[in-house]
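Asks: Return a 3D structure for these sequence lines:
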Amino acid sequence: MRKRISRIAPVQLGKVCAVLYAIFSIPIAVIMAIAASFAPQHSGMSFGFIVAMPVFYVVFGFVFMAIGALIYNLVAKWVGGVEYVTEEVSDA
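Replies: Modelled structure (predicted):
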């Protein structure tokens, strides 16, 4: 069965992506903090930046994905949405 995505809710996509970016960026920030603790004092990587990085990921992830959804909605009006195929799967 062919289906088409004709519209994406910008705020909902922004929320989902913000959570995903938080999940991805927090472990990276922890690894960077551990690595920075072993670096010389003037390594250029401040702990303030490491703490702020996940916040930036979340905020910018939300904003840019919401903008992306708005642009997708405009383009989908002109050329049609993305088509995909689904199939029934039996649980047997």
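Asks: Run through the helices of this structure in chain order.
Replies: Secondary structure of the chain, counting by DSSP state H: helices at 10-38, 47-79.
Asks: Go through the shortest one and flag the buried ones.
Replies: Judged by neighbour count using 16 or more other CB atoms under 10 Å, the buried positions of helix 10-38 are 10, 13, 14, 17, 18, 21, 25, 29, 32, 36. All C-beta spots, glycine's among them, are computed from the backbone N, C-alpha and C.
Asks: now those residues as JSON lines including distance to residue 91 and pLDDT?
Replies: As requested, those are arranged in JSON lines below (distance: CB to CB, whole Å; pLDDT from 0 to 100):
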{"residue": "10", "distance to residue 91": "35", "pLDDT": "95"}
{"residue": "13", "distance to residue 91": "30", "pLDDT": "95"}
{"residue": "14", "distance to residue 91": "34", "pLDDT": "95"}
{"residue": "17", "distance to residue 91": "31", "pLDDT": "95"}
{"residue": "18", "distance to residue 91": "34", "pLDDT": "95"}
{"residue": "21", "distance to residue 91": "34", "pLDDT": "94"}
{"residue": "25", "distance to residue 91": "37", "pLDDT": "92"}
{"residue": "29", "distance to residue 91": "41", "pLDDT": "88"}
{"residue": "32", "distance to residue 91": "44", "pLDDT": "84"}
{"residue": "36", "distance to residue 91": "49", "pLDDT": "78"}
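Asks: Pick out the residue closest to the middle of this protein.
Replies: In the chain, the residue lying closest to the centroid (CA atoms, centre = their mean) is residue 17, at 3.5 Å.
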